[in-house]
Structures are given as C-alpha cells and as structure tokens.
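Novice: Got a sequence here, can you build the structure:
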Amino acid sequence: MNKSQSIKLLENEGWTKADAMRALEVIDFSTNPDEITIRRAISLFAGSELIKRQRLQAAQKGLVTKKSNEIEKNNQEYAAKIEKLKKYQKQENEKYETEIQNLSDTNKVLEMKLKGINVQNSELIHANEELKKDNKALKNLIDEIRLKLAMSTKKLLQYDDSEIRQALIIMFKSTLG
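Specialist: Predicted structure coming up:
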C-alpha cells in the first residue's frame, strides 16, 4: 500500500488529511507496507496524540467561534450606528432644506421691500429736488422783498419825524431776522 492509498483509508475512517499525514510520517513506504503494518504504526498516534490534537482543534474552533461571534456583534453594532447616523443626517438635511427655503422666502420678501424702498427713495429724491427749487425761488422772493423794504425804509428814514423813524427801525430789524 502506498502513502496516498493509506491517507485515503484513514480519511474514510474519519481522520483529517493533516492528521493522517502526521500519523503516517513514521512509516517507511519504500518497503510497501500492508494494511496491518499501517494500522499498528498509526495506533500510537491514534491514542493520546490524536485526542490531544482533537482537543487543540476543538479549543481553536471555540476561539474561532468566539471571534466570529464578536465580529458579527461588532458588525451589527456598526450597522446600527451607521443607520442611526444616516437617519440623523437625513433629519439634518431636511431641517437645513426647510431653513434654506425659509431664508429664500424671506429673501424674496426683502427684495420686494427693497424695490418698494428704492421707488420711494426715487420719489423722495425727486420731491427733494423740487423742494430745493421751490426754496431757492422763495429765498429769492424773500430777498427781493427785503431789498424793496430796505429801500423803502431808507426813503422813509430821510424824513424828520423821529418816532416814525424809531418804529421803522424796530420793524426793519424784526424783518431782517
């Protein structure tokens, strides 16, 4: 029996390929051993060595299972956190979109008010220019009246009557401001 046949024999009996190869390392296959020789050689390995190996494998499988459970738990926690963050981000986006819409509406209202104020400002500027023209015309008229009054007063002051003169001076002073 060769080595590959021996490994298949042991695998059919529930051995792992790695355990079968380790157990068969002590056999010299150049002598073409029979099945009984192979079974005697592996009997030493099959006892305490195999049990020890199986216990180590069971312990490793336990560690793997424990790690797998931890990884799964972490994955679930992270998935929950990601979902929570997505939900929070969605809420924040909706809140900011609402706020942006409100600000946009406010901006439109303010633009309309600004247009109204600009129209009023133009009207006030035009009215101010008209008032300036009217004020200038009134000032010229008042200056003309004062000049005529001053000239008339000068003529009256040439007369001798002192009371008339004093009354005219008082009146003249009050009109000049």
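Novice: switch to C-alpha atoms for all contacts and neighbour counts from now on
Specialist: Noted.
Novice: How many residues are close by residue 7?
Specialist: Taking other Cα atoms under 10 Å as the criterion, the count of residues near residue 7 is 20.
Novice: so it touches residue 22, yeah?
Specialist: No - using Cα atoms under 8 Å as the test, residue 7 is too far from residue 22 to be in contact (10.1 Å).
Novice: OK, contacts around the closest residue to residue 16 other than its chain neighbours?
Specialist: Of all residues beyond its chain neighbours, the one nearest residue 16 is residue 10 (7.8 Å), with distances taken as Cα to Cα, 6 or more residues apart in numbering. Remark: with contacts taken as Cα atoms under 8 Å, 6 or more residues apart in numbering, residue 10 is in contact with 16-17, 20.
Novice: Reduced to three states, what does residue 15 come out as?
Specialist: Three states are possible here, and by DSSP: H, G, I helix; E, B strand; the rest coil the one that applies to residue 15 is coil.
Novice: do you know how far it is from residue 175?
Specialist: Relative to residue 175, residue 15 is positioned 133 Å away (criterion: Cα to Cα, to the nearest Å).
Novice: Check which element follows the helix or strand containing residue 11 along the chain.
Specialist: With secondary structure defined by DSSP states H and E, residue 11 is part of helix 3-12. Toward the C-terminus, helix 3-12 is succeeded by helix 17-23 as the next helix or strand (DSSP H and E).
Novice: Quick one: mean pLDDT over that next one.
Specialist: Rounded to a whole number, the mean pLDDT of helix 17-23 is 82.
Novice: Low-confidence bits of the chain, can you list those?
Specialist: Low-confidence segments of the chain, defined by pLDDT under 70: 46-50, 159-161, 176-177.
Novice: could you pull out the helices for it?
Specialist: With DSSP state H applied, the chain shows helices at 3-12, 17-23, 35-44, 50-157, 162-176, listed in chain order.
Novice: for the shortest one, packing partners?
Specialist: Using 3 or more Cα pairs under 8 Å, 6 or more residues apart in numbering; DSSP states H and E as the contact test, the elements touching helix 17-23 are helix 3-12.
Novice: tell me the angle the helix it packs on makes with helix 35-44.
Specialist: Compare the direction of helix 3-12 with that of helix 35-44 by axes from the mean of the first three to the mean of the last three Cα atoms, to 10 degrees and you get 60 degrees.
Novice: buried ones in helix 3-12?
Specialist: Applying a neighbour-count criterion of 16 or more other Cα atoms under 10 Å, one finds 3, 6-7, 10 buried in helix 3-12.
Novice: centre of the chain versus that helix, how much separation?
Specialist: The chain centroid and the centroid of helix 3-12 are separated by 65 Å, computed with Cα atoms, centre = their mean, to the nearest Å.
Novice: which one is residue 34 nearest to, not counting chain neighbours?
Specialist: Of all residues beyond its chain neighbours, the one nearest residue 34 is residue 1 (5.7 Å), with distances taken as Cα to Cα, 6+ apart.
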